[in-house]
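**Student:** okay, predicted coordinates and the sequence, questions at the end:
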Amino acid sequence: MPSSPSPTVFVVDDDAAIRKAVLRLLRSAGIAAAAFASPTEFLAQYDPNTPGCLMLDLEMPGFNGLQLQTALAEKGSSLPIIFLTGHGDVSKSVQAMKGGAFDFLTKPVNAKNLLPAIRAAIERDAVARGEQAKFSEIHARLDTLTPREREVLQHVVAGKMNKQIAGDLGITEATVKMHRARVMAKMKVQSVAELARLTERCGIRGTNSLKSAA
């Protein structure tokens, strides 16, 4: 299996001196970084599979930081964003935070403030990606179930016994046991409680919820 990319701090700022200083600071701290002069340049090269965070200048000519934040959100990106500004614009700071900004720092920013924020943002991204990977794995397991197995799962997580499930579905109890065993194997669980916890993460909680969540 190929190794996952190392966390990278993406620095987007139209000020070349700021980009150079931040890159030097991050690399001296052993943190991988890549710099871009504009949001457009960043979007043209950004790979959403690369973990890390975005260090973004709020005020830039044309395509500004808030617009890039919106563009990333529309693409479904959850990359943590640390905004940098030298303008101290309170209203835009509030807008950035409402848009899900991870942090907001004013220029000139020093290592004492920036590095802890960067490390915390990278950790937030790692946790979020881990949760998304688990969620995707659960859905992949659900996709291996046959329509009948999905029906049985639906009744099992509702807490029904084999005899009840057999009556509801019009099949024999032995057939229910067979399907139930296959569900447990395909979902890679050892108990109904574990099965319920997994499916609940996908919004499956009761007899009628599976169809709406599928």
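**Tutor:** Yes, it's here.
**Student:** all helices of the chain, in order?
**Tutor:** 16-28, 39-45, 65-74, 90-98, 111-142, 147-156, 162-169, 173-187, 192-200, 209-213 (DSSP state H).
**Student:** just the ones you listed: most buried one?
**Tutor:** Mean neighbours per residue, mean count of other Cβ atoms under 10 Å, is largest over the helices of the chain for helix 147-156, with a mean of 20. Just so you know, the C-beta spots here come from the backbone N, C-alpha and C atoms, and that holds for glycine as well.
**Student:** got the helices of the chain as a markdown table, with distance to V9 columns?
**Tutor:** Putting the helices of the chain into a markdown table (distance: least, Cβ to Cβ, whole Å) gives the following:
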| stretch | distance to V9 |
| --- | --- |
| helix 16-28 | 6 |
| helix 39-45 | 12 |
| helix 65-74 | 15 |
| helix 90-98 | 18 |
| helix 111-142 | 6 |
| helix 147-156 | 42 |
| helix 162-169 | 52 |
| helix 173-187 | 38 |
| helix 192-200 | 34 |
| helix 209-213 | 36 |
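**Student:** redo those helices as CSV? Include distance to P51 and mean pLDDT.
**Tutor:** Converted to CSV, the helices of the chain look like this (distance: least, Cβ to Cβ, whole Å; pLDDT from 0 to 100):
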stretch, distance to P51, mean pLDDT
helix 16-28, 15, 92
helix 39-45, 16, 93
helix 65-74, 14, 91
helix 90-98, 22, 70
helix 111-142, 5, 90
helix 147-156, 33, 91
helix 162-169, 43, 91
helix 173-187, 28, 92
helix 192-200, 24, 86
helix 209-213, 28, 38
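**Student:** what distance do you get for the residue nearest to V152 when sequence neighbours are not counted to T172?
**Tutor:** Of all residues not flanking V152 in the chain, H179 sits nearest, at 4.2 Å (Cβ to Cβ, 6 or more residues apart in numbering). From H179 across to T172, the span is 11 Å (Cβ to Cβ, to the nearest Å).
**Student:** what does H155 give?
**Tutor:** H155 sits 15 Å away from T172, going by Cβ to Cβ.
**Student:** can you check E41 too?
**Tutor:** 64 Å.
**Student:** with R201 instead?
**Tutor:** Applying Cβ to Cβ, the value for R201 to T172 is 31 Å.
**Student:** repeat for M161
**Tutor:** M161 sits 14 Å away from T172 when distances are taken as Cβ to Cβ.
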